[in-house]
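1. predicted model follows, preceded by the sequence.
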Amino acid sequence: MSDVVEKTLTALPSLLSLDSQPGSTKLSSTSKLGSLIRGITELTSKHEEEKLIQRELVSIKEQVSSPNTSMRQMKDLMVRAIYCEMLGYEASFSYIHAIKLAQQGTALEKRVGYLAVSLFLNESHELLLLLVNTVLKDLQSTNLIEVCMALTVVSQIFPKDMIPAILPLVEEKLNHPKEIIRRKAVLALYKFYLIAPNQVQHIHSKFRLALCDRDPGVMTASLHIYLQMIQENPEGYKDLTTSFVTILKQVVGGKLPMDFNYRSVPAPWLQIQLLRILSLLGKNDQSTSEIMYEVLDESLQRAEMNHNITYAILYECVKCIYTIHPKSELLEKAAKCIGNFVLSPKMNLKYLGLKALTYVVQQDPKLALQHQMTIIECLDHYDLLIKRETLELLFRITNAQNVTVIVEKMLEFLSTSKDDYTTTDLVGKVAELAEKYAPDNEWFIETMNTVFSVGGDTMQPDIPNNFLKLLCEGFDSVEEDRKLRLFAVDSYVSLLQGKPGNLPQRFLQVISWVLGEYSHLREELDPATVMRLLVKLLERKQTSSETKSYVLMAMTKLCRSGEGVSIAQEVSESYSSSMDTVLRQRAHELQHLSHNLELRTRVLLPGEAGLEPLEVDSSLSFLDGFVSEALAAGAAPYKPPHQRQEELAQAKALSLEPYSLALPISMSSCSITDRQSPTLLSMSSGLSGDSTDLSHKGGSTTLKLDGVKRVWGKEGYLAQREPIEEAQIEVPSPLRSPIQQTETGNSHSPSPAPTQSPEHEPEKQQLASSLFVGLSSQSSVCLMGKSEPMPQRFRKKAKGQSSTSAPTSNSLISLPSTVDHLLCTNLLEKTPELSEVHAAANGTCDVEAALVSHEDSNTPQDLCLSSHLPAELSELFHSEISPLCSTQSLHLSACYVQKEDSLILVIFITNSSDFAVHDVHVDLDSEQLEVSCASDSPVKEVRGCCVAVCQYSLTVKRPSAHVTVAGMVSHQLHIETPQTAQFSYELPLTSFVRPLKVSTEEYGRMWLDFTHDTKQNLTLINDGEEPLTDTLTVLKKKLQLHIVEIIGMEGIVACRLLPDQPCLMHCRLHAGSLAVWMRSSLPDLPDCLMYHCQRSLTEH
Amino acid sequence: MTMQFMLLFSRQGKLRLQKWYVPLSDKEKKKITRELVQTVLARKPKMCSFLEWRDLKIVYKRYASLYFCCAIEDQDNELITLEIIHRYVELLDKYFGSVCELDIIFNFEKAYFILDEFLLGGEAQETSKKNVLKAIEQADLLQEDAKEAETPRSVLEEIGLT
């Protein structure tokens, strides 16, 4: 039909101007649309275009309303109307005709009619109701094309309330012999599910049929529904996991017809859909996750890195792997994938890599470390999107140590960003970080100042509210509170003395409130000075009336005496006739107060001294009578605002609000609303007599608000512990040995060697070290390069030694964590367990010291006790016998014996009295240890002046540098009442360590299997010719390790924790110290052993 | 991976096709279109094909003189959206026979039909190229025949059924 049409991509205007051109003549001659388009293209100004289109629209309008216009002509008219609408001109007169066309036209006219309807109208348009009958008719048509059209249009727009009318017909189509009809029916049902889920609840079983449809297209369509349903309720569809896995397996295996391939990848859209479903199903569910490991692995392998489409699948796969229950093997592969993305020169992939990193970084902070240099580069990227995503990533890894640098970067970005949405979002994040991690008062106030001035009036109201609440609530230390408030006051006074005109209203409100509340703290500051500054604000034209009311309230708090009062009188005078009722109210209050000295002394002065919380009847019980009367009189019962809003939303046809601003997650916890701003609260306390209506709104000046995270505590800011800090982080070691690289090559070979590459500028490294400081204690060492590891280590050691006497001076104390593997000294300087750890460590030293002295005095007893050791143990090494506890007649002592395959705790019970002691019970209990009785029969009775021996076999449940057994002994002496005593006994973890004799090959195999690891640089024993051998020998002797092999600069060592938990150690000489890398299958074990290694070497 | 909307516009910023999968007022649509056309045209070729816009992610790609631009949600997969655009271009290409901007300008309703056959309600409806084109051709066949003569309806149905 069509001739060869000359097609030029760029020369559109010239092409159109030549009438002889075959393409354009054909197009323009066949339709009026052609001439319209041609006409428009020839025009030169927007104005001319407007005139032409208006003319066109008038002509269309005339024709569509003419009764003589045939449906065929109507079709052309509709196309032209659509075109005009696309150009931005309204043609609403044609809407009704579009519906008519769909109703009355023949199939092909119908098609245009439906198209016009779907383009012109949206779901809530009233005219859509007129379409229902047409759709109903077409669904019943015997013409497949008409059925298709009807289904297409209902999948796009259909009035929600009319769904029941056509639902049975659509449902019926699920059994249609033609797959295209089934597919469209499924999608129509999906649409119904989205807009009115209750209406399609009864056909869930039919969805399953669609899922099992023999046509892959229908099955794919059904996945949309499943994805949606599983998102809402993953628990309900766990049984389908196997089916989804099977489908994915088949797809990945290429079992679908070839025409589903896209760039020779089998059905990528389907794969991605399935991967999403799987990640939803496997989230927090180990057993379900296990079903999918295999197919995920296969997906990863099949997707070769060569084209966008495979990257898309890989990205989804990686996301899935990080969402479901983790499997180390898959995680490693996924991490490698992310690495490839991040390092890719293609911008799109780099962006996705960053996005993926942002997604996984909380679980796997070491990944961010691996790519730190790339991240730093992306921070200065010319593409804002990449920059923005990098900031997002940094936001996730912020901790107390890198907060200043990261916030600085964010503020830098903010100063260049012009997009309101980004500004609002970032400002919220900065505020969140500042509240969580602020290192000191000045920084906090200054950062918040920037937040307020940049965030302006678009920021979330929670930010100023939270800030004021923080100031107002304070923390437990009065002195700190005072300092912070003082600093805020100083800073605001100087801001107001500068150019307050540029400051946003919200900021001015904050300033007014703070000055009103706290400027009295600065004693040398005359309230009148502050008042004058505030007056200036009032005089500014730009100041909004809300701000003015804040200012007036601040003045109310400030007018105490002298000049302040006269200023207040002046101001209140001028505002007492204001048109704004709120302002007038405030002005009158101020006026009243300023004229009444007695009231001033009564109201203002106690506020300063006492601030005792008011008793507030929050249930408003005093209104009960009023309420019941009102109800009896027929008033509607009260509904809370959220319920009202919900109902309002339901009343609307559609509640899809795609462009509403998303709240930053962290802010949602805040419970203050605008109306209950602290200002009103303090007003109510200050002027409770005058404004009772306010007093019940929020309570007292102490602002008892629940559900708000406490970020400040006694010692200052309570740094929230990031999960990152707890995680043991593996730092990529770029200079790994060849042996190791073959061993671990699969997992880490792509990791870059950022630190050692000489081309990186020192500033970048500096930046890196400041950005990633909290992620791994090792990172800084690693980042500083070879030159400077010493000071770092020295600092650590010094800290470790000095902290014995001095309680921690660190201001960043956070909540104690349950994780007790922090004994690793490299974490000491920032962990909350600091004092605890040292106490423990020193405790042991003290015990040992005490033991020595005991030994001196008690040598005879010790000797005599050790003779009581059972014969089978007496040959073996036993620890010093230390006393446990005593009762009136019994003395308990204990020691442990290291057998090859177990550890035996021996408790000696010495009866010093002359009488037999009955009913002796020894109970042992430990959180970290498994205790079982090793003696044949438990001791019941100890005769006078005798020693009884109990044996217990111990194994480690949860490794910790030192493990303790707590116990209790109870007994009866003669006829006396029962006696009890408690004791505890501490053992070093090393007593449970035995050499593990493995070959190098076995070692290599095991190394790959283990997931828990730690790395640290240890002191090298450098007094001999062969430092490595010497050091390892010392460790071997002290810790009972097995040296597997020493090759040149490296040594590999193995040991096991009783009964059979292997721990592998890889040591390498590096820059004058011993770089140790430990791995084990048991969490915490590497850290604890590392601690002991370090101790033994330091002691040596 | 619901798409929010799709826009096609020329290098000169002229809108060629618009498909909205979320209900919005005309005013909003116009505002969004204006802002996005401006932003996308200002992007440099080396930059990545995505951009953040309000709370949405915009994925765009330029084919000759035409920009294809889709809006998705943040958790959606940008790369697969890029390929959706590409698949759509492939479909257009196959249908028109090496497609150019002119085809889309003069036959934009056809371009809409193809889009509706490929994406329905913002979701990929049919990913098999063959099936999409078959559906379009069947409907077109109907159109061609109807043009020839006012054929009796039963014959149309016959054709439709095959």
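-> That came through, no problem.
2. does any part of the helix or strand harbouring A:Met149 sit near chain B?
-> For A:Met149, the host element (DSSP states H and E) is helix A:144-156. Yes. Helix A:144-156 reaches chain B (Cβ under 8 Å from any Cβ of the partner chain) through A:Leu144, A:Ile145, A:Glu146, A:Cys148, A:Thr152, A:Ser155, A:Gln156. For glycine as for every other residue, the C-beta is placed from the backbone atoms N, C-alpha and C.
3. please apply the same query to stretch A:400-417.
-> No. Stretch A:400-417 lies apart from chain B when judged by Cβ under 8 Å from any Cβ; the minimum separation is 10.8 Å.
4. contacts for that stretch?
-> Contact partners of stretch A:400-417, identified using Cβ atoms under 8 Å, 6 or more residues apart in numbering or on different chains, comprise A:379, A:384, A:387-388, A:391, A:394-395, A:398, A:423, A:426-427, A:429-430, A:433-434, A:436-439, A:443, A:447, A:450, A:454, A:717, A:719, A:767, A:770-774, A:812, A:830.
5. just the ones of these in helices?
-> Applying DSSP state H to the contacts of stretch A:400-417, the entries found in helices are A:379, A:384, A:387-388, A:391, A:394-395, A:423, A:426-427, A:429-430, A:433-434, A:436-437, A:443, A:447, A:450, A:454, A:767, A:770-771.
6. show me what contacts residue 90?
-> Using chain A. Neighbour list for A:Glu90: B:Asp26 [criterion: Cβ under 8 Å, 6+ apart].
7. to clarify, I was referring to chain B.
-> If you count contacts by Cβ under 8 Å, 6+ apart, then B:Glu90 has B:Lys129 around it.
8. for B:Phe108, see how far away it is.
-> Here the criterion is Cβ to Cβ, to the nearest Å. By it, B:Glu90 lies 18 Å from B:Phe108.
9. same thing with B:Glu101?
-> The value you get for B:Glu101 to B:Phe108, if Cβ to Cβ is used, is 11 Å.
10. between these two, which contacts overlap?
-> Jointly contacting B:Glu101 and B:Phe108 under the rule Cβ under 8 Å, 6+ apart are B:Arg16.
11. low pLDDT regions in the stretch 651-800 of chain A?
-> For the stretch 651-800 of chain A, residues meeting the criterion pLDDT under 70 lie at A:651-761, A:774-800.
12. A:Thr374: how many residues sit nearby?
-> Number of residues near A:Thr374 (other Cβ atoms under 10 Å in any protein chain shown) recorded here: 21.
13. helices of the stretch 51-200 of chain A, start to end?
-> Along the stretch 51-200 of chain A, counting by DSSP state H, counting those that start in this stretch, helices occupy A:71-86, A:95-104, A:107-120, A:132-139, A:144-156, A:163-172, A:179-195.
14. can I get these in a markdown table including mean pLDDT and mean neighbour count?
-> Formatted as a markdown table, the helices of the stretch 51-200 of chain A follow (pLDDT from 0 to 100; neighbours: other Cβ atoms under 10 Å in any protein chain shown):
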| stretch | mean pLDDT | mean neighbour count |
| --- | --- | --- |
| helix A:71-86 | 88 | 21 |
| helix A:95-104 | 90 | 21 |
| helix A:107-120 | 89 | 24 |
| helix A:132-139 | 91 | 18 |
| helix A:144-156 | 90 | 25 |
| helix A:163-172 | 90 | 17 |
| helix A:179-195 | 91 | 25 |
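15. quick one: low-confidence parts of the stretch 351-500 of chain A?
-> In the predicted model of the stretch 351-500 of chain A, residues A:476, A:500 satisfy pLDDT under 70.
16. which helix or strand contains the residue positioned nearest the centre of chain B?
-> With the centre of chain B defined as its mean C-alpha position, the nearest residue by Cα atoms, centre = their mean is B:Leu115, 4.5 Å away. If you go by DSSP H and E, B:Leu115 is part of helix B:108-118.
17. hmm, A:Ile324 and A:Lys283 touching each other?
-> Yes. Using Cβ atoms under 8 Å, A:Lys283 makes contact with A:Ile324 at a distance of 6.1 Å.
18. those two: which is more packed in?
-> Applying other Cβ under 10 Å to A:Lys283 and A:Ile324 shows that A:Ile324 carries more neighbours, namely 25 against 14.
19. that one and chain B: what is the separation?
-> 16 Å (Cβ to the nearest Cβ, to the nearest Å).
20. could you do A:Glu941 as well?
-> Taking Cβ to the nearest Cβ, one finds A:Glu941 at 70 Å from chain B.
21. kindly report the same for A:Phe983.
-> A:Phe983 is 56 Å from chain B, by Cβ to the nearest Cβ.
22. for that residue, list the residues it contacts.
-> Neighbour list for A:Phe983: A:Leu884, A:Cys885, A:Leu892, A:Ala966, A:Gly967, A:Met968, A:Val969 [criterion: Cβ under 8 Å, 6+ apart].
23. near the residue lying closest to A:Lys429 once chain neighbours are set aside, how many other residues are there?
-> Setting aside the residues directly before and after it, A:Lys429 is nearest to A:Phe395 in space (Cβ to Cβ, 6 or more residues apart in numbering or on different chains), at 5.3 Å. Number of residues near A:Phe395 (other Cβ under 10 Å) recorded here: 19.
24. is chain B within reach of stretch A:264-281?
-> Yes. Interface with chain B: stretch A:264-281 contributes A:Ala267, A:Pro268, A:Trp269, A:Leu270, A:Ile272, A:Gln273, A:Arg276 (Cβ under 8 Å from any Cβ).
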